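Visitor: quick one, what's the 3D model for this:
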Amino acid sequence: MNSPLFALATIIAKPNHAQQVSAAIQLALASSRQEAGCHRYDLLLDNSNDHRFVIQEQWQNKAALNTHMLTNHFKTLVESIAPLADIDVAEFSLLA
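Guide: The predicted structure follows:
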């Protein structure tokens, strides 16, 4: 299947760790955006909760997202923020 795949990664930093989490995510942005199959990789901050971040992603297909999750910059990001935040990732398909 070669349909676009969308992912929303919601990351809620634990108290006193928002700056560290934000900095770690920002380190991975450029590398992620340069990956083959990446159409969008944006970091959003919740206007009502400065500890809640969302990474809005669009990938060419599921294979491109799977490849992303095997990269060193992605693995480093997850390892660095896992103890500092709660992470939830949801995948979406385009309906219309």
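Visitor: Ala90 touches Leu8, doesn't it?
Guide: Yes. If you go by C-beta atoms under 8 Å, Ala90 and Leu8 touch, sitting 5.2 Å apart. (Each C-beta comes from the backbone N, C-alpha and C, glycine too.)
Visitor: in stretch 77-96, what counts as buried?
Guide: Buried residues in stretch 77-96, counted by 16 or more other C-beta atoms under 10 Å: Leu77, Ser80, Ile81, Leu84, Ala85, Ile87.
Visitor: which of those fall within strands?
Guide: Per DSSP state E, strands hold the following members of the buried residues of stretch 77-96: Ala85, Ile87.
Visitor: could I get the buried residues of stretch 77-96 in JSON lines, plus columns for distance to Ala64 and pLDDT?
Guide: As requested, the buried residues of stretch 77-96 are exported to JSON lines (distance: C-beta to C-beta, whole Å; pLDDT from 0 to 100):
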{"residue": "Leu77", "distance to Ala64": "17", "pLDDT": "97"}
{"residue": "Ser80", "distance to Ala64": "23", "pLDDT": "97"}
{"residue": "Ile81", "distance to Ala64": "22", "pLDDT": "98"}
{"residue": "Leu84", "distance to Ala64": "27", "pLDDT": "98"}
{"residue": "Ala85", "distance to Ala64": "24", "pLDDT": "98"}
{"residue": "Ile87", "distance to Ala64": "20", "pLDDT": "97"}
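Visitor: out of the buried residues of stretch 77-96, who's nearest Asn49?
Guide: Ala85 (12.5 Å; C-beta to C-beta).
Visitor: mind listing the helices for this structure?
Guide: Taking DSSP state H as the criterion, the chain contains helices spanning 18-33, 62-68, 72-81.
Visitor: so the longest one versus helix 72-81, what angle?
Guide: If I follow you right, that is helix 18-33. 170 degrees (axes from the mean of the first three to the mean of the last three C-alpha atoms, to 10 degrees).
Visitor: fine by me, thanks again.
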